[in-house]
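Engineer: Okay, here's the prediction I keep looking at, along with the sequence it came from:
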Amino acid sequence: MYQYGRVTPDIKSKLLEIVGSEGILEDEEELSKHSHDESLMPPHLPEVVVRPSSSEEVSKIMRLAYEKRIPVTPQGSRTGLSGGANPLYGGIAMTLEGMNRILEIDEENLMAVVEPGVLIMDLHQETEKRGLLYPPDPGQESGTIGGNISTNAGGVRGMKYGVTRDYVNGLEAVLPSGEFISLGGKAMKSSTGYELLDLIIGSEGTLAVVTKATLKLVPKPQHTALAYIPFNDVKGAAKAVSEIVRRRVMPYALEYVEQHGVLTAERYLGRSLPDHSHPAYLIVGVEGNREEEVERDLETVGEICMEGGGVEVYVADTQTRQRQLWEARKCLFDAYKAFWEIDEVDVCVPRSRIPDYIEGVKRIMETYGVLISNIGHAGDGNVHSIIVRGELERDRWLQLLERVTERLIELGISLGGTVSGEHGIGYTKKKYLPYKVGRVQVELMKAIKRAFDPHNILNPGKVFDL
């Protein structure tokens, strides 16, 4: 067991010298705010919150923490769902929200250089007004780039474009010792030793603190259209996903939502969607630089869905209608949290096995008597199973929750899937990590952690226990 130092008055005085009075947050409200993310995990109060405004300040904070063996928990906007931002051992919560500058949009090289506190929605806005696109589009648009890199976030465009890892071309990061490392950059190729860049991406803040990111951009397609398609049964909707891919249509988004999710979104937004009376829905987005190309793909999608049990194809062909439909899809997590206590499992399975996963979830619901609403990025196999407390007594629901979560993860793995598609392992799912990767890989990960962080001060207690 590691022995950690405390944040003494002397340490606070040294932190004050580094970040100034506006960079130290220690009142009760701030400590509480930075004690948790959006998971069900109980809060863990930090001893102090620091808000650096530069890479140099991050380095000095880490040097001090390393010398005094004080745990440091890096934080973005704390929208995670796995307890990854909870300061388990107190110490310093380091919020990177103040490092929120878009430093450069390089249109010649199709790159953006940003600080970790930049919100994903702000980067989208800045790039798209230049006719460019940063493809990763997680549902929580108030999430930060640093947080997305930490968990290798995906989102609704993952089917066509991939995930965060595919768009990180370079990183500046600070090691637990306070030393800087520079990984990658604007060059498009590198075959120069071990690729540590990919190691940092998805490491959930346990290896280094990202202070700057160089991100790839792509030209923004000129035309888009969105279809909202109700189905007579959930299996038909799930099967249509595989058929769309088999027919060589590549939507930029292919989302699956069950009726309970549609009704919840309508209630939350206070407005109706084109249909809410069927068991399952697909939201399919197509795009291209020619209108006829978009129309052709949309027509093919419609044919496939109608052949597979679709009821109607509602087309949102204007920007306003598309925005309204995406609002309904992206609000779902907040909508569920507004009305019920929930937890979520975000397994990812091969998309051809989505029908089997949906059927398996139905059996789990019947076995345990809990409500599970499946919502997901069906195009890349990432299904978010939202476990709703509903009318169950809280103690009973919490008892069932652990068993249901384990069954869902076991189901996903049995179908060739993985524990988490985009939210990460954090604290809440670390017991399930060996289920997927096995003992040998866990030990390799631990060895990497010890090489980067021999005193285990950076986000300790996450992903696995040392």
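Structural biologist: Looks like it arrived, so ask away.

Engineer: ok, so what distance separates residue 197 from residue 331?
Structural biologist: 34 Å (Cβ to Cβ, to the nearest Å). For glycine as for every other residue, the C-beta is placed from the backbone atoms N, C-alpha and C.

Engineer: Which one's more surrounded, the two?
Structural biologist: Using other Cβ atoms under 10 Å as the criterion, residue 197 and residue 331 rank with residue 197 on top: 20 against 16.

Engineer: Flag every buried residue along whichever strand or helix holds the more buried one.
Structural biologist: Secondary structure from DSSP states H and E places residue 197 in helix 196-200. Of the residues in helix 196-200, 196-197, 200 count as buried by neighbour count, 16 or more other Cβ atoms under 10 Å.

Engineer: So which elements touch that helix?
Structural biologist: Judged by 3 or more Cβ pairs under 8 Å, 6 or more residues apart in numbering; DSSP states H and E, the packing partners of helix 196-200 are strand 168-174, strand 180-184.

Engineer: if I pick the one residue sitting closest to the centre of the chain, what's in contact with it?
Structural biologist: Geometric centre of the chain, nearest residue: residue 153, 3.9 Å, by Cα atoms, centre = their mean. With contacts defined as Cβ atoms under 8 Å, 6 or more residues apart in numbering, residue 153 is in contact with 136, 138, 143, 147, 163-164, 422.

Engineer: Recalculate using a threshold of 7 Å.
Structural biologist: With contacts defined as Cβ atoms under 7 Å, 6 or more residues apart in numbering, residue 153 is in contact with 136, 138, 163-164, 422.

Engineer: swap in residue 189?
Structural biologist: Contacts of residue 189 by Cβ under 7 Å, 6+ apart: none found.

Engineer: downstream neighbour of whichever strand or helix holds residue 228 in the secondary structure list?
Structural biologist: According to DSSP H and E, residue 228 maps onto strand 223-231. Once the chain leaves strand 223-231, the next helix or strand it forms, by DSSP H and E, is helix 234-246.

Engineer: Direction included, what does the helix or strand following that following helix pair against?
Structural biologist: As assigned by DSSP H and E, the chain's next helix or strand after helix 234-246 is strand 253-258. If you go by DSSP bridges, strand 253-258 pairs up with strand 280-288 (antiparallel), strand 371-377 (antiparallel).

Engineer: Check which element follows strand 253-258 along the chain.
Structural biologist: Later in the chain than strand 253-258, the nearest helix or strand by DSSP H and E is helix 259-269.

Engineer: quick one, that next one and strand 371-377 angle?
Structural biologist: If you take axes from the mean of the first three to the mean of the last three Cα atoms, to 10 degrees, helix 259-269 sits at 80 degrees to strand 371-377.

Engineer: Can you point out the helix or strand that includes residue 210?
Structural biologist: Using DSSP H and E, residue 210 sits within strand 209-216.

Engineer: Looks to me like residue 146 is in a helix.
Structural biologist: Yes. Residue 146: assigned to a helix according to DSSP: H, G, I helix; E, B strand; the rest coil.

Engineer: Grab the nearest non-local neighbour of it.
Structural biologist: Once flanking residues are discounted, residue 146 sits nearest to residue 116: 2.8 Å by Cβ to Cβ, 6 or more residues apart in numbering.

Engineer: May I ask you to confirm that the one you found is in contact with residue 143?
Structural biologist: No. With contact defined as Cβ atoms under 7 Å, residue 116 does not count as touching residue 143 (11.2 Å).

Engineer: Pick out whichever of the two has more residues nearby.
Structural biologist: residue 116 (27 against 22).

Engineer: ok, now which ones touch that one?
Structural biologist: Here residue 116 is in contact with 76, 96, 99, 144-146, 210-211, 213 (criterion: Cβ under 7 Å, 6+ apart).

Engineer: Serialize those residues to CSV and add fields for pLDDT, neighbour count and distance to residue 254.
Structural biologist: Listed next are these as CSV, based on pLDDT from 0 to 100; neighbours: other Cβ atoms under 10 Å; distance: Cβ to Cβ, whole Å:
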residue, pLDDT, neighbour count, distance to residue 254
76, 96, 29, 27
96, 98, 26, 33
99, 98, 23, 34
144, 97, 29, 26
145, 97, 30, 25
146, 97, 26, 28
210, 98, 30, 30
211, 98, 23, 35
213, 98, 26, 27
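
Engineer: how about these in TSV, adding distance to residue 112?
Structural biologist: Formatted as TSV, the contacts of residue 116 follow (distance: Cβ to Cβ, whole Å):
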residue	distance to residue 112
76	17
96	17
99	15
144	14
145	9
146	14
210	14
211	15
213	8
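
Engineer: Got phi/psi on residue 366?
Structural biologist: The phi and psi values for residue 366, taken as degrees, to the nearest 10, are phi -70, psi -40.

Engineer: Next one, pLDDT for it please.
Structural biologist: With respect to pLDDT, residue 366 has a value of 97.

Engineer: Same question for the one 10 residues further on.
Structural biologist: Model confidence at residue 376, given as pLDDT, is 89.

Engineer: isn't it right up against residue 361?
Structural biologist: No. In this structure, residue 376 is not within contact of residue 361 by Cβ under 7 Å, at 10.9 Å.

Engineer: what about the two, which has more around it?
Structural biologist: Higher neighbour count among residue 376 and residue 361: residue 376, with 29 against 24, using other Cβ under 10 Å.

Engineer: Contacts only, for that one.
Structural biologist: Residue 376 sits in contact with 256, 382-384, where contact means Cβ under 7 Å, 6+ apart.

Engineer: Just give me the closest of those to residue 348.
Structural biologist: Residue 348 lies nearest to residue 382 out of the contacts of residue 376, by Cβ to Cβ, at 4.4 Å.

Engineer: What's the separation between that closest one and residue 78?
Structural biologist: 22 Å.

Engineer: and the two? which has more neighbours close in?
Structural biologist: Remark: of residue 382 and residue 78, residue 382 carries more neighbours, 26 against 22, as counted by other Cβ under 10 Å.

Engineer: related to what we said a few turns ago, any residues in contact with both of residue 116 and residue 143?
Structural biologist: By Cβ under 7 Å, 6+ apart, the residues touching both residue 116 and residue 143 are residue 76.

Engineer: Just the buried residues from the contacts of residue 153, in ChimeraX please.
Structural biologist: Applying 16+ other Cβ under 10 Å to the contacts of residue 153, the buried members can be selected in ChimeraX as follows:
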select :136,138,163,164,422
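
Engineer: mind checking how far stretch 16-26 is from the chain centre?
Structural biologist: 30 Å (Cα atoms, centre = their mean, to the nearest Å).

Engineer: repeat for stretch 329-346
Structural biologist: On Cα atoms, centre = their mean, the centre of stretch 329-346 falls 14 Å from the chain's centre.
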